[in-house]
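> Would you be able to build a 3D model of this:
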Amino acid sequence: MKPIRRTILKGIAAGAIAVKFGAAMAQQKLLRMIVPLTPGTTPDLIGRAIGPAMQSRLDMNYIVDNRPGASGMIGMNYVAKSTDPNTLMIVPATTLTLPMFYKKVDFDVLNGFTPITQVSSTSFVLVVHKDVPARNLPEFITWAKTTKNNFYASPGVGTHHHLCMLMLEQSAGISLEHVPYKGSSQAFTDLVGGQVPTMFMPIQVAVPLAKAGQLKIIGGSLRYRHPAFPDIPTLAEQGAANYHVDPWYAVWGPPKLPAAAVAQYRTAIMAALQDATVKENLTKEGLILKTTTPEELLTLAKNETLMWRKVTLAANVKPE
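Residues are numbered from 1 along each chain as shown. Purely as a prediction, here's the structure:
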């Protein structure tokens, strides 16, 4: 090979390496927050709310990457297989129940990710159509036991809407048929329209509808009253023994995320949640902002898994 040709080829090769290295460095400056659900869902709202503050604190570009489908498994599987330390995900606690409802889950929902921090929780409330003769839990139980062909709706199996009712059925000794919808919007519309008699829904969705006289709120899922809605009693205080469902949300990283990265991300998230604008926007959505250490989050997730395993076994739920 002639010297000049060899020199040119070496230059091209060196340039290619430099371009590749530069592209990798550019990629490392992008923080990708995976949301395995559609835009407008609570994890999506949280991810977008904390984005500007995290971007500023970390000096990284930040995007929310929605990867919905298969009850969140598509987006979660992406993170489970990722080796990029700048890929995170925000998910609801219900993702821990995926193996209880689905036979094919290609990742370990509990141990296949790196815990970073919880970011919030909220309350779901039991609601009924305005014509259902129940204003509190004892009246609801009476109605449920004495009315034939009773059923409730949810946006799908394994959602908090579904799990909350499974737990209530066991606590109150009632049984209602589950009618899963393909999304929450149509289920909410049908409840207001009278096609659905009852269901659980997020407290921030239910309150405006109740104020408009379109439904009645029976009680909240937390063991304590939601601080933003102190007039709404809990189901536990109305007699649902040991009833407590905390719909929480948390940020996780891919497997084996370095401890230094975990600490950096957690610090940035905590700072973002202290931002006045972020706090205002998220509390308007009915969220109770709270953070944990990675160890506390893992313990929380383990306890959550045990709780729902007990409930789904008692309900004779079989993975499909």
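
> so where do the helices sit in the stretch 1-150 of the chain?
In the stretch 1-150 of the chain, the helices defined using DSSP state H, counting those that start in this stretch lie at 3-28, 42-58, 73-80, 98-101, 137-146.

> same question, the stretch 151-300 of the chain
Using DSSP H, counting those that start in this stretch, helices in the stretch 151-300 of the chain cover 160-172, 184-193, 203-211, 259-274, 276-284, 294-314.

> Tell me which of the ones you listed is the most buried.
Neighbour counts (mean count of other Cβ atoms under 10 Å) averaged over each of these peak at helix 160-172, with a mean of 22. The way it works is simple: take the backbone N, C-alpha and C, and place the C-beta from them, glycine included.

> how about that one as CSV, C-alpha atoms only?
Extracted as CSV, the C-alpha positions of helix 160-172 are listed here (Å, rounded to 0.1, in the frame of the first residue of the first chain):
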residue,chain,number,x,y,z
HIS,A,160,-54.7,0.2,41.5
HIS,A,161,-58.3,0.5,40.5
HIS,A,162,-58.5,-3.3,40.4
LEU,A,163,-56.3,-4.1,43.3
CYS,A,164,-58.1,-1.7,45.7
MET,A,165,-61.4,-3.4,45.1
LEU,A,166,-59.8,-6.9,45.5
MET,A,167,-58.6,-5.9,48.9
LEU,A,168,-61.9,-4.3,49.8
GLU,A,169,-63.9,-7.4,48.8
GLN,A,170,-61.7,-9.5,51.2
SER,A,171,-61.9,-6.9,54.0
ALA,A,172,-65.7,-6.3,53.7
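
> That one - what's its average pLDDT?
Averaged across helix 160-172, the pLDDT comes to 98.

> Just give the number of residues close to the closest residue in space to W248 that isn't next to it in sequence.
Setting aside the residues directly before and after it, W248 is nearest to S121 in space (Cβ to Cβ, 6 or more residues apart in numbering), at 4.0 Å. When neighbours are defined as other Cβ atoms under 10 Å, S121 has 20 of them.

> S121 and S184: what is the separation?
Distance, S121 to S184, by Cβ to Cβ, to the nearest Å: 18 Å.

> One more: I63?
Distance from I63 to S184, by Cβ to Cβ: 25 Å.

> swap in V64?
Distance of V64 to S184, given as Cβ to Cβ: 20 Å.

> cool, and Q118?
23 Å.

> cool, and A172?
For A172 relative to S184 (Cβ to Cβ), the value is 23 Å.
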